[in-house]
Structures are given as structure tokens and as C-alpha cells.
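Undergrad: here's a sequence, model it:
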Amino acid sequence: MKALAFSGPSASLVKVSGKARCIQAPLRRCAIHRIPAPQTCDALPSKGIAQRSSIVCKVAQVDNPQVQALEKELAKLRAENAKLREELAQYKKDAGEATAPQASTSAAAVAVEAPVKSLKDALRDGIAWPSPNEPKFWDRAPRSEPMPPLASPPGSVLSTERDSTPMHIVHITAEMAPIAKVGGLGDVVTGLARSCQARGHHTTVMMPFYESLPKDQIEGLKHEADIEVPKGYTWDGQMMNGSLKTSVYWGRIAGVPVYLIRPADWNTSNLFRGNRIYGGSYNEMEAYLYLCRACLEYLHVSGQQPHVLQLHDWHAAAAALLYWAVYHETGLWRPRVVLTIHNLDNTGECRQDEFAFTGVPGDWFAQIDKALDERTIGHNPERLNLMKGGIIYSNMITTVSPTYATEVMNGGAAGWLRSTFSREEIRAKFRGILNGIDAVEWDPASDPLLAANFTAQAPEGKALCKEFLQKGLGMNVDPNKPLVAVVSRLVPQKGIHLIKAAVYRTVQQGGQFVLLGSGHSDGVFKAMAAGEFKDHPDCRLMIMYSERLAHLIYAAADVVLVPSMFEPCGLTQMIALRYGAAPVVRRTGGLADTVRDVDAPAAAGGPPANGFVFDGTDDNCLYGALDRALSMYKNKPEAWTQLSLSNMAGDVSWAQSAKSYVELYRSIAQL
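TA: Numbering: from 1, shown residues only. The predicted structure follows:
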């Protein structure tokens, strides 16, 4: 026990049970208090000395012979008073620090005893709510505090299934998400490449090094090599053969190894220059023919022997022709070729003299059973078609959904290429493999762009995402209004007249409508946005595109509309499912493969219903499906909630599709 004491015999201060106690020394019985010594009395430290002094003075007046001695004792007492105060102050400070952990523990105990917040309240607390019509609120962080962690649903992580025989797979493409993306092509390349890589395969992507690429988003970017690529040039009206010094760079995009190709000197060749992916000042046909030749040349001179060349759309199709005509017999012997058709709307029409940009004469392939475009037979000059050449020269051909494959072979989707697809050898090597979505990029459980994350097991965040979007766009904040969304390129393929009809119908039925997109058919929506729907509390027509805003819209939407005239696969409806919305789609291509109507008879043992489907192309056909969705939302809230949760829990990832691609690769690879 620590004691702070006066030096004199009269009294001392002792700390007892956290208090300072004044103890009178046993000099004599106290004449005033009549209490036997020793006496203990409670005293505040600053008052104990004064009280003792008063007692001593009164005693001295009674017992006169001791006055002088007591006065001397009192002088000592007063002299030491200041020192006592200083020591006592230091003691308090030391005691306070010693008991701080105990106080902290007590506070923690109180916190534990406090009522636990609901998940929705915990999510809400950290949201940085936008003000109405805040400019580009989607470009800033949606939260001021970290998100409470949620467990990701099935399909949120890449497959852990590993294949026993790894293959080297090289993709040649014009696009790759997220940094070189215009449409779904870029998403498919990244998703398929990552999923095959996760299965244990060596996957590489080869693509243009567009000037517009954000270099800070390419991990480990470095210059790999300079090579001379054979190339044709137009000189004085004649095609001359030469070469173009080409720079090859290496890096990683979304975790996938990538080779980036560009002319070494953009002062002598402007290929791939400009501030966007397509539509630069260069000749696009020349640019993608050069890409095909440069990719093959680099694989050849670097000594690589991939098992599979995976080509994507017409941009890469010429690589199939060049591989078999030039490289297969000159050292690049092992690859087999797969061409994936993402959309037959663009097939790559090419003049024979243009093909010579590859350094190979176009007339090598100007036969009906090769790459000749039969629509131009008898014309002067006759043309080539790169997609047709790729179909002929590839070992296998895939398209992006089983239904679209059927429409190509048996319906009208092949267009003028129907005679090519009618050939038995072509039909035998044609497959429809459904796309997936990148379940890492599109994961509502961990999406960093959302105001609140959510899953089927913890869905509370979806309502907060809807409120966040409504506030940010300056719309009525009303959870009872169904929110219908369209995220799309605005081109005729996407059903422009049906989207327009849906805007009016949704608002008329008491819902809300949000459109995000642009394209050469967006004029009608610009007029609507500037006219009757300007500042409308329940409608926003955003004629633009932002990937960040797209994430917010998918997370907020109750219904996502995809009324395409044709749709080889479509990713929009799968993202909608992933984020707990109900798709309303027209029955075509991949939409027919992925959306099952809630009112259709359920197939025994089949996957659950997940949306609303219509046939036909007029407004009334659309209304039949859209009205059913709006009615269920408003009148059957429990059924709607179950539909939303079921959709969130579904697996729309690349896992199964990547497995199908690997099986196809293995069937043709030289292992």
C-alpha cells in the first residue's frame, strides 16, 4: 500500500481503497472531538491539511504550554503542503493510466450489451448518399465506410476443377474487357480465358495495342520484342510487298497474360491510333489483317507451339487462312484452329487487293469453296469474305448459344452464308456453346461499385441500391414502384421500337424506367429525354454509356428488358439474373436458352423459371410479358421476392461453358 505522509508526527495521508484518508497521530486525546487517538476521518486531499490545522490551533489554545511546539509543527505542515499537492496530482495521473484498460473493457462490455444492428442498418450507415441530380455520382465511391463482408454465392469464384492435361490456348481478338470493350465480345474473351486458366491451362490473349488503352490498368506492362511483319503496301496504285517493324508488349489484363501488338513507329503507320477502340482514322480492314499476320509471325519467331488458336469474329478470321496457307508448313505446326462467331451481322467483306495487306495475294482464296463472297460473283472485282474463309479453314466453329446455332443452320440467321452452313462438313464441325458471365467482375456480394452488397442469403442491400440510384438520378424514392431498366447498344438489332413502347407502358402502369445506352438509333430517345420525359420523376433516359453506372442500374433494377430482334447470346439477361432482377425478353437465340417463363409449365427436373418471355415483334406482344412482370411485383410481393432470390442463387458463370470449350479443344488438339 503506497502512502503519502507528512514529515511531522501530527498526521499522515494514506491511500486506502482508492481514497485519501487523514490519520491523526497518537499525540493525545483530541480535546475538541473527544475521540481516542488514533482517529481516522474522511478528508479531501486539499482540505485535510486545513482541517487538521484548525484542530491543532484549537487544541493549542486549550493547552498553552505546548503552543510553541505546535506552532513549529504547523509551520512544517504548511511548508510541505505544496509538495503534497504535486505528489498527489502525479499519483492521480498514474492511477488513471493504470485503470484505462479496465475502463475500455467496461465500454466494450456496454457495447456488447447494446442492441445489435440489422444488416440493412449496418449497410445503410456507410453509404455516401448522392444528392438529387448530383453530376456523375456514379464516378465516385458510393460508400464512406467499408462494406460489411458477405459470403459470395455459387459461381462467384473461378472453378477449382483442374484438367489433367494442360493445353496452351491463344486467343486472337479485337476486344478484351475491361479495358478494350465495346460490346459482349470483350466480356466473352476475358471470361473464357480466365476460366480456362483456372482449370490449369496456359491461356494467352493477343490483341491490338490501341493507343486509347489505359496503360495503368495493364499489370506488369513491358516491351517484349520488335519483329518484322510481312505486309503489303499500296505504292503508286500498285500493291507492293514489304514489312512493317512491329512492337510486341506483354502484360496482364484481368489476370490473363496478354500480348499487345502495334506498329513500332506510329509516325510511319497509324494503325490502332485514336482515342477509341473502333472508328479511328486508320483503315480498319488493313488494321485487322495486319493483326492476324503479326500474331502468327510472333508465335512463329518466338518458337511457341500452342495447341489451339481461338479466333474471335471476323477481325481474327483471316488468321485461319494465313495459318494453313503460310505457317503450318514453315514451322508453326501444332496449333488447331477454333473460330467463334459472336454475331453474323458483321462478316468482314474484303476486296482481294485489300487482303494483300497481309503480304499474301487475295486471289489465293478467291474460290467458291474457300473465301469468295458468292454475292459478288460476276462483279468486277469479286470480293472475299473473312468470316466465310474462317468458317472454311477452321477445324471447329462455335457460336455463343445452342439456339442461335440452330437458327444459323436451320433458320434465317445465317443470311447469305446459309449455303455455306448447308454443307455437311461445315455442319459437322459447328457447335453452339452458351456464354457465361465473368462471375468475379459481376458479383453482387463483392462488387465495389455498389452502395451495398447483397446475396440470396443476405438480400437486404438490393433495396438500398435501388434507393441509391433513385436519389442519384433525381427520381421518386419509392420502393413500391417497380424499376424497369434497359442497358444496351441502341441499334436496330436491340428492338428499338419495343424499348420505346416499354418506356411509355412502364410509366403508365405506375413503374419507373431507366435507360442506359447509345448507338446510331438513339435519336428517338434523345428526343424523348429532351421532351416529355425531361425531369420526369419516374423516368431517366441516359443516352451514354458508363460501366460504373451499368453496375448501379443492374443492382437497383427489379426488371431488365431485352427485346432483341435477334440475339446470338446476350449477357444482359444473365447479369440481370445474377443481380436479382427478372428479365423480360423476346424468345430468340441465347435469350431463349437462358430465360424461362414463370407462367410456362415447369419441366420435370429442369432449372427453375426465372423471368418473362414473349414471341412476336409488336407492342402488344411486349405488353403481355411486361404487364405480367409489373403485376407480380405489385400484387404478389412474396412470389416476387422468391423469384428474385432464386435468380440471385443461380449459376450463370463460365464454369460449365469453359468445361465444354476445353472438351472441344481436346477433341482436335495435337496432344
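Undergrad: which outside residues touch stretch 281-298?
TA: Residues outside stretch 281-298 that contact it (C-beta atoms under 8 Å, 6 or more residues apart in numbering) are 170, 172, 174, 206-208, 225, 227, 229-231, 244, 246, 248, 259, 261, 270-274, 278, 314-319, 322-323, 326-327, 332, 348, 350, 354-355, 357-359. From N, CA and C alone the C-beta is placed, and that goes for glycine too.
Undergrad: got a list of what the residue nearest the centre of the chain touches?
TA: Centroid-nearest residue in the chain: residue 441, 3.6 Å away (criterion: C-alpha atoms, centre = their mean). Taking C-beta under 8 Å, 6+ apart, we find residue 441 in contact with 177-178, 187, 190, 254.
Undergrad: now residue 317
TA: Counting by C-beta under 8 Å, 6+ apart, residue 317 touches 292, 311, 339, 348, 386-387, 389-391.
Undergrad: got a markdown table for these, with secondary structure, neighbour count and distance to residue 492 too?
TA: Listed next are the contacts of residue 317 as a markdown table, based on DSSP: H, G, I helix; E, B strand; the rest coil; neighbours: other C-beta atoms under 10 Å; distance: C-beta to C-beta, whole Å:
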| residue | secondary structure | neighbour count | distance to residue 492 |
| --- | --- | --- | --- |
| 292 | helix | 26 | 29 |
| 311 | strand | 28 | 27 |
| 339 | strand | 28 | 26 |
| 348 | coil | 23 | 20 |
| 386 | helix | 29 | 23 |
| 387 | helix | 25 | 20 |
| 389 | helix | 26 | 27 |
| 390 | helix | 27 | 25 |
| 391 | helix | 23 | 25 |
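Undergrad: nearest to residue 367 among those?
TA: Here the nearest of those to residue 367, counting by C-beta to C-beta, is residue 389; it sits at 10.4 Å.
Undergrad: isn't the closest one up against residue 318?
TA: Yes - between residue 389 and residue 318 a contact is recorded at 6.9 Å, counting by C-beta atoms under 8 Å.
Undergrad: can you map out the strands along the stretch 101-250 of the chain?
TA: With DSSP state E, counting those that start in this stretch as the criterion, the stretch 101-250 of the chain has strands at 168-172, 202-208, 219-235, 238-253.
Undergrad: what about the first one, average pLDDT?
TA: Averaged across strand 168-172, pLDDT comes to 98.
Undergrad: hang on, the earlier thing: with neighbour count, distance to residue 216 and pLDDT as new columns, can the contacts of residue 441 be given to me in JSON lines?
TA: Shown next, in JSON lines, are those (neighbours: other C-beta atoms under 10 Å; distance: C-beta to C-beta, whole Å; pLDDT from 0 to 100):
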{"residue": "177", "neighbour count": "21", "distance to residue 216": "16", "pLDDT": "93"}
{"residue": "178", "neighbour count": "15", "distance to residue 216": "13", "pLDDT": "92"}
{"residue": "187", "neighbour count": "22", "distance to residue 216": "21", "pLDDT": "93"}
{"residue": "190", "neighbour count": "28", "distance to residue 216": "18", "pLDDT": "95"}
{"residue": "254", "neighbour count": "20", "distance to residue 216": "14", "pLDDT": "94"}
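Undergrad: of those, closest to residue 560?
TA: Closest to residue 560, out of all of the contacts of residue 441 and judged by C-beta to C-beta, is residue 187, at 16.0 Å.
Undergrad: for the residue lying closest to the closest one once chain neighbours are set aside, give its distance to residue 568.
TA: Ranked by C-beta to C-beta, 6 or more residues apart in numbering and with sequence neighbours excluded, the top spatial neighbour of residue 187 is residue 177, at 4.8 Å. Here residue 177 is placed at a distance of 17 Å from residue 568 (C-beta to C-beta, to the nearest Å).
Undergrad: residue 194 touches residue 256, doesn't it?
TA: Yes - between residue 194 and residue 256 a contact is recorded at 5.8 Å, counting by C-beta under 8 Å.
Undergrad: circling back to that earlier point, so which of the contacts of residue 441 are in helices?
TA: Judged by DSSP state H, helices contain the following of the contacts of residue 441: 187, 190.
Undergrad: how about the contacts of residue 441 in CSV, adding distance to residue 635?
TA: Listed next are the contacts of residue 441 as CSV, based on distance: C-beta to C-beta, whole Å:
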residue, distance to residue 635
177, 39
178, 40
187, 36
190, 41
254, 43
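Undergrad: could you identify the most distant pair in the contacts of residue 441?
TA: Once C-beta to C-beta is applied, these give 187 and 254 as the farthest pair, at 10.4 Å.
Undergrad: what is in contact with these two at once?
TA: Joint contacts of residue 187 and residue 254 (C-beta under 8 Å, 6+ apart) are 177, 438, 441.
Undergrad: could those residues go into TSV alongside distance to residue 505?
TA: Listed next are the shared contacts of residue 187 and residue 254 as TSV, based on distance: C-beta to C-beta, whole Å:
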residue	distance to residue 505
177	33
438	32
441	32
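Undergrad: wait, which of those is closest to residue 146?
TA: For those, the nearest to residue 146 is residue 441 (20.3 Å; C-beta to C-beta).
Undergrad: tell me the SS of the closest one?
TA: coil (DSSP: H, G, I helix; E, B strand; the rest coil).
Undergrad: mean confidence score for stretch 628-644?
TA: So the average pLDDT for stretch 628-644 ends up being 98.
Undergrad: for that stretch, which outside residues touch it?
TA: 459, 462, 480, 482, 484, 506, 509-511, 558-559, 580-582, 584, 598-599, 609-612.
Undergrad: out of the strands of the stretch 101-250 of the chain, indicate the one that is most buried.
TA: strand 168-172 (a mean of 24; mean count of other C-beta atoms under 10 Å).
Undergrad: neighbouring strands for it, and are they parallel or not?
TA: Sheet pairing for strand 168-172, assigned by DSSP bridges, gives strand 202-208 (parallel), strand 308-312 (parallel).
Undergrad: okay, these in JSON lines with mean pLDDT and distance to residue 395 next?
TA: Below are the strands paired with strand 168-172 laid out as JSON lines (pLDDT from 0 to 100; distance: least, C-beta to C-beta, whole Å):
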{"stretch": "strand 202-208", "mean pLDDT": "98", "distance to residue 395": "18"}
{"stretch": "strand 308-312", "mean pLDDT": "98", "distance to residue 395": "9"}
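Undergrad: quick one: which of the ones you listed is nearest residue 499?
TA: With respect to residue 499, and counting by C-beta to C-beta, the nearest of these is strand 308-312 at 27.5 Å.
Undergrad: now do the helix or strand following that closest one: distance to the chain's middle.
TA: Downstream of strand 308-312, the next assigned helix or strand under DSSP states H and E is helix 313-322. With C-alpha atoms, centre = their mean, to the nearest Å as the basis, helix 313-322 stands 31 Å off its chain's centre.
Undergrad: now the angle from helix 313-322 to strand 168-172?
TA: If you take axes from the mean of the first three to the mean of the last three C-alpha atoms, to 10 degrees, helix 313-322 sits at 120 degrees to strand 168-172.
Undergrad: dump the helix or strand harbouring residue 338 to PDB, keeping only the CA atoms.
TA: Using DSSP H and E, residue 338 sits within strand 336-341. What follows is strand 336-341, C-alpha atoms only, in PDB (Å, rounded to 0.1, in the frame of the first residue of the first chain):
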ATOM      1  CA  ARG A 336      -5.500 -26.300 -84.400                       C
ATOM      2  CA  VAL A 337      -8.000 -23.500 -85.100                       C
ATOM      3  CA  VAL A 338     -11.300 -22.700 -83.500                       C
ATOM      4  CA  LEU A 339     -13.400 -19.800 -84.800                       C
ATOM      5  CA  THR A 340     -16.100 -18.400 -82.500                       C
ATOM      6  CA  ILE A 341     -18.900 -16.500 -84.200                       C
END
